[in-house]
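>>> show me how the following folds:
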Amino acid sequence: MNRPRLRSARLALLAATVALSACGKKGPPLPRLVLLPNPPGEVAAVRRGERIDLSFTVPNANTDRSAPADLARVEVYAWTVPGAVSGDDIVRRGSRVASVAVNLPKDPDEPEPKAAAPKGDGVEQNAKVSVSDTLAPGVEPSAYRAYVAVGINVRGRRGALSRSVAVPLLPPPAAPAQPTVTYTEKSMTVTWPAVPSGGTPIAYSVYRAGATSVALTPTPVADTTFADAGIEWQQERCYEVRAVATIESVRIESAASPAHCVTPRDTFAPASPEGLVGVGSEGAVSLIWTANADADLAGYLVLRAVAPATQLEPITAAPITDTNFRDTAAGGSRVTYAVQAVDKAGNRSAASAPITETAR
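Below you'll find the predicted structure:
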């Protein structure tokens, strides 16, 4: 190999060595990755009188599809406008009406704590959240109250905006009159008079009233009666009803009717026992019958009449829980038996079908 070619090869080898050694050196720091949360989902609004309740789902991922979401809080903005408006305009020109803190998710790389960590003051990611906004007096009936929600990351940057919801500010329907409440041993029935429609179809929402009203109808009902399944004896229940008009896909509810409160009392007798049979033996009669299915059953009373008497009288001082009973009787006596069921409130059923047996 001639000298110039050897020198060129050495220079090439030196350059390759320098390049390889440079790969281990630190370069300038990369820009910090900024994660932005997805938009809040399932945004919906319901107007109840002068209050507007907005619900949404807290995002649990970022716009780049990574999870969990880089999220510190969700803000809700509102703007009263004459017509359609963009979400950006609501944020820029409207006002913030709610801010919901969101707890930081658990670091999957952290070991499980020995004791459960205390809950934060905020909500969890993917939680369903409701916030409320009260309308100012004198709103223009032709206007709309427009809403949008947006997640804010831990660095204070806004994520993607939710879809906007525009609530018509037309007057709500008239409130129904006070409902009536009746009950059976299985349910409570709420009934109310219809509200004049005025040309707009009217449905109804039923609430169990209290410190906070609980909606019993996930979607409004067209009937003017509603059955609330389940009974808690001696526990007061209060009910109120709101008339509902759906306008431009938004539910607008009236003010609440006057509440009607009822404390149900158990005056309902259990079913009569069935299947009573008897077998006479020396100096006794053995009885057996089918158990009752009543949930609040306390037991049974055994009734007896020894001929020539015909009036059945209890021979058990208190209800027995067994479905069998052995009664002593003089040999040759004809005895008529029946059984009554007794519930925990002390209600007695009608007597079972009687049977007559003879002791030997």
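
>>> when you work out contacts or count neighbours from here on, use the C-alpha atoms and nothing else.
Will do.

>>> residue 243 against residue 195, yeah?
Yes. Under the criterion of Cα atoms under 8 Å, residue 243 makes contact with residue 195 at 7.1 Å.

>>> neighbour count winner among these two?
The residue with more neighbours, out of residue 243 and residue 195, is residue 243; 28 against 18, by other Cα atoms under 10 Å.

>>> which of the three states applies to the more buried one?
strand (DSSP: H, G, I helix; E, B strand; the rest coil).

>>> skipping adjacent residues, who's closest to it in space?
residue 204 (4.6 Å; Cα to Cα, 6 or more residues apart in numbering).

>>> quick check: that neighbour touching residue 224?
Yes. Assessed by Cα under 8 Å, residue 204 is found in contact with residue 224 at 7.5 Å.

>>> are there residues contacting both of residue 243 and residue 195? Which ones?
174-176, 202 (Cα atoms under 8 Å, 6 or more residues apart in numbering).

>>> Serialize those residues to CSV and add fields for pLDDT, neighbour count and distance to residue 236.
Shown next, in CSV, are these (pLDDT from 0 to 100; neighbours: other Cα atoms under 10 Å; distance: Cα to Cα, whole Å):
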residue, pLDDT, neighbour count, distance to residue 236
174, 93, 18, 27
175, 95, 20, 23
176, 97, 21, 22
202, 96, 20, 29
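
>>> for the residues you listed, which one is nearest residue 148?
residue 202 (27.7 Å; Cα to Cα).

>>> what sits against that closest one?
Listed by Cα under 8 Å, 6+ apart, the contact partners of residue 202 are 195, 222, 243-245.

>>> in this structure, which segments are predicted with low confidence?
Residues of the chain that meet the criterion pLDDT under 70 lie in 1-33, 107-120.

>>> helices along that one, start to end?
Secondary structure of the chain (DSSP state H): helices at 3-22, 87-93.

>>> residues in contact with the shortest one: which ones?
Applying Cα under 8 Å, 6+ apart, the set of residues contacting helix 87-93 from outside is 77-79, 146-148, 161-164.

>>> what's the spacing between residue 68 and residue 153?
12 Å (Cα to Cα, to the nearest Å).

>>> among these two, which residue is more densely surrounded?
Shown here are residue 68 and residue 153; by other Cα under 10 Å, residue 153 has more neighbours (21 against 17).

>>> ok, and the closest non-adjacent residue to that one?
Sequence neighbours aside, residue 71 is the residue nearest to residue 153 in space, at 4.2 Å (criterion: Cα to Cα, 6+ apart).

>>> sorry, back to before: residue 204 and residue 224: who's more crowded?
Taking neighbours as other Cα under 10 Å, residue 204 and residue 224 compare with residue 204 leading, 26 against 17.

>>> pairing partners for the more buried one in the sheet, please.
Beta-bridge pairing for residue 204 (DSSP bridges): residue 221, residue 243.

>>> contacts only, for it.
With Cα under 8 Å, 6+ apart, residue 204 has these contacts: 220-224, 241-244.

>>> cool, residue 128 as well?
By Cα under 8 Å, 6+ apart, residue 128 lies in contact with 55-58.

>>> mind doing that once more with 7 Å?
Neighbouring residues of residue 128 by Cα atoms under 7 Å, 6 or more residues apart in numbering: 56-58.

>>> switch these over to a markdown table; also include neighbour count and distance to residue 47.
Formatted as a markdown table, the contacts of residue 128 follow (neighbours: other Cα atoms under 10 Å; distance: Cα to Cα, whole Å):
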| residue | neighbour count | distance to residue 47 |
| --- | --- | --- |
| 56 | 21 | 15 |
| 57 | 19 | 19 |
| 58 | 29 | 21 |
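
>>> from residue 283, how far out is residue 304?
Taken as Cα to Cα, the span from residue 304 to residue 283 is 15 Å.

>>> of these two, who's got more company?
Shown here are residue 304 and residue 283; by other Cα under 10 Å, residue 304 has more neighbours (23 against 15).

>>> distance of that one relative to residue 77?
77 Å.

>>> quick one: the strands in the stretch 151-300 of the chain?
158-161, 165-168, 180-183, 187-191, 203-209, 214-215, 225-229, 237-247, 250-253, 260-262, 274-281, 284-290, 297-306 (DSSP state E, counting those that start in this stretch).

>>> residue 343 is nearest to which of those?
Of all those, strand 297-306 comes closest under Cα to Cα, at 4.2 Å.

>>> quick one: end-to-end distance for stretch 128-143.
28 Å.

>>> quick one, phi/psi of the nearest residue to residue 105 once chain neighbours are set aside?
Closest residue to residue 105 apart from its sequence neighbours, by Cα to Cα, 6+ apart: residue 68 at 7.1 Å. Residue 68 has phi and psi values of phi -70, psi 170 when expressed as degrees, to the nearest 10.

>>> hang on, residue 68 packs against residue 59?
No. Between residue 68 and residue 59 there is no contact, the gap being 8.7 Å when judged by Cα atoms under 7 Å.

>>> what is the burial count for residue 193?
Neighbour tally, residue 193, other Cα under 10 Å: 12.
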